[in-house]
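Undergrad: pasting the structure only:
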């Protein structure tokens, strides 16, 4: 018998006696576990509040960004984005930009007038490591948590958004989602059943508190996260 | 070898006297409490969220066989290779086999608690492989040749000065007491490892049966790099980590972040379903998932404590535990510290050797109350005590309880006993603290209460 069968056999034997229902101790509410179908729509009702109004959702994303030290820039036009992007390139003295092909990135990459590393179709890791910034698109922003949802397909692979010291996200206003359940609904609608090999909720720049629980940014990933939304 | 219970007692006594260490722990925990309070109260209904999370886990664990099969089949359909390990030795052999097969030299690891459980680093290092922990806290304890102090905050017991000394000694860096500079020293030291390593080893916070994915939660980006750069990615996970649906993560990711570290969401929550797919620009060529039993099925077979497998390893029960806060993480001598560790270790490593951990509790119930998936932790500690003594009764306890029962069932005898105790108590002074003192375990650090001259019954009779 294979080890798989051995383990599954032990699991089946172990499960012969039923376990008590969760939360049935200490005067906690009892009741039979609700089915998933019943549970799913209620999850949003318990998670932190998100407004119905779009303006307030942007405010929430902005407030979360501030807490997380994400540089969130809500702009009015593509020209403004380009102007600010060029400003960043200048102040941070970018020498080389890593980017991927995409509807949004294509509008900017040639206007930056900087050497580019385009990750589509493969690249050398050491080359990407030399880049000053990784510019990507994303699937969505999540107002509730201040997160940027990326996948291997939407954001140029796995490493582009984590290896360079600065991650810049280009995103349209209509990509803002209210909460986590909405983000998973989007993933399901967009990709199921053929999901990308990598999906990530990026919530702020890379951080650690491992030394005396003091917050330090840029532990291993980007020290800066800038989100341009228009 | 010294017995685990003796070691535990010695370490606990030593650490409760180490004020500097305790201050570090208390400061850290206070920060945790403050941010957790803010995040938890942001939930519209935390208690209902807990109940839902507990019910999803209940379903996951009580139908583990079907979820595991779906999880493994989906992963393999996605191009991943799934391995099954009944015990630590098999898991080590599987991983060693992959490493050898690939002709690998250098391995980068993100945090893997199951790796600590099976002593993976020691096994790899013994074979001459270069293994580097990439999580900052894990890296620090690896350089110190120590076990993690806390399964979420591995280096929380160290002051910045100690870390600076360590880096100076091991990496030749200049001394500094700035946490940011210290972090950058580690960043530079580990950066090239991601690029040069042949193999990346990670753990998994969740598995998703529906889609055949693993989900990894982290703040630093080290796990993302570990799963992106090397050519081979191996994930080692316990069989209890599987959730039924992808959308279950919509509740578990925020709850893990809130309970674990007082964040709305942890920095990176990443899901991996296979190796680099067609049309993708990067990612490993091979993705291996090693499913570890290692006596989890024995815990599963105990319906009373099965919910201990609901654990999402947020570490909240350690953070609120008055015992953990006073004896620290190393005293436990276990992979998983604190209340959850005290509950599951006797199942994973043997009840009689680890039953002393069931006494490492004030039974205050803070752990049960804080648990995001409603594990009945402090009751399980009592159940472990009961199971340990019914499996292997202690002879003198048996006699003592028999005698006590005999006296208590005979009111006259009990009354007489009280009188004798009252009269005899002054004589206790003669033997107090010596080997002849029957109460010396108590009187070493405390005074015995005085036995009253008049019992409550007598007092009540006189009063009416």
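TA: Cool, the structure landed. Remember, predicted model here, so these are calculated numbers, not experimental data.

Undergrad: In contact with residue B:355, which residues?
TA: Contacts for residue B:355 were tallied using Cβ atoms under 8 Å, 6 or more residues apart in numbering or on different chains; they are B:5, B:346, B:384-385, B:388. C-beta here means a position set from N, CA and C on the backbone, and glycine is covered the same way.

Undergrad: where do the strands sit along chain A?
TA: Secondary structure of chain A (DSSP state E): strands located at A:71-74, A:97-99, A:116-118, A:133-136, A:140-142, A:147-151, A:166-171, A:176-177, A:198-202, A:207-208, A:216-217, A:224-229.

Undergrad: Which of those strands has the highest mean neighbour count?
TA: strand A:198-202 (a mean of 28; mean count of other Cβ atoms under 10 Å in any protein chain shown).

Undergrad: mind putting the strands of chain A in CSV, mean pLDDT and distance to residue B:184 included?
TA: Supplementary listing: the strands of chain A in CSV, determined by pLDDT from 0 to 100; distance: least, Cβ to Cβ, whole Å:
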stretch, mean pLDDT, distance to residue B:184
strand A:71-74, 98, 20
strand A:97-99, 98, 21
strand A:116-118, 97, 24
strand A:133-136, 98, 19
strand A:140-142, 98, 29
strand A:147-151, 98, 24
strand A:166-171, 98, 15
strand A:176-177, 98, 34
strand A:198-202, 98, 21
strand A:207-208, 97, 11
strand A:216-217, 97, 8
strand A:224-229, 98, 14
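
Undergrad: Please compute how far the helix or strand residue B:138 falls within lies from its chain's middle.
TA: Mapping residue B:138 onto the secondary structure by DSSP states H and E places it in helix B:136-143. If you compare the mean C-alpha spot of helix B:136-143 with that of the full chain, they lie 17 Å apart, counting by Cα atoms, centre = their mean, to the nearest Å.

Undergrad: before we move on, what about stretch B:285-301?
TA: In terms of Cα atoms, centre = their mean, the centre of stretch B:285-301 is found 17 Å from the chain centre.

Undergrad: And for stretch A:77-96?
TA: Taking Cα atoms, centre = their mean, one finds stretch A:77-96 lying 22 Å from the centre of the chain it belongs to.

Undergrad: residues of that stretch that come out buried?
TA: By 16 or more other Cβ atoms under 10 Å in any protein chain shown, the buried positions in stretch A:77-96 come out as A:81-82, A:85-86, A:88-89, A:94.

Undergrad: quick one, what contacts the closest residue to residue A:228 other than its chain neighbours?
TA: With Cβ to Cβ, 6 or more residues apart in numbering or on different chains as the criterion, residue A:228 has its nearest non-adjacent residue at 4.9 Å, and that residue is residue A:81. With contacts taken as Cβ under 8 Å, 6+ apart, residue A:81 has the following neighbours: A:75, A:108, A:170, A:228, A:230.

Undergrad: Tell me which two of those sit farthest apart.
TA: Considering Cβ to Cβ, no two members of these lie farther apart than A:75 and A:108, which are separated by 12.7 Å.

Undergrad: which one of these two has more residues nearby?
TA: Here residue A:75 and residue A:108 are compared on neighbour count by other Cβ atoms under 10 Å in any protein chain shown; more neighbours surround residue A:108, at 19 against 15.

Undergrad: Which secondary structure element of the chain has the lowest mean pLDDT?
TA: Chain wasn't specified; assuming chain A. Within chain A, no helix or strand scores below helix A:36-46, which has a mean of 68 by mean pLDDT, DSSP states H and E.

Undergrad: Can you look at chain B instead?
TA: For chain B, the helix or strand with the lowest mean confidence is helix B:440-443, at a mean of 83 (criterion: mean pLDDT, DSSP H and E).

Undergrad: Now do it: which elements does it pack against?
TA: Applying 3 or more Cβ pairs under 8 Å, 6 or more residues apart in numbering or on different chains; DSSP states H and E, we find helix B:440-443 packed against no helix or strand.

Undergrad: Would you indicate which residues of the helix or strand just after it are buried?
TA: Taking DSSP H and E as the definition, the helix or strand that follows helix B:440-443 towards the C-terminus is helix B:456-463. Of the residues in helix B:456-463, none is buried by neighbour count under the rule 16+ other Cβ under 10 Å.
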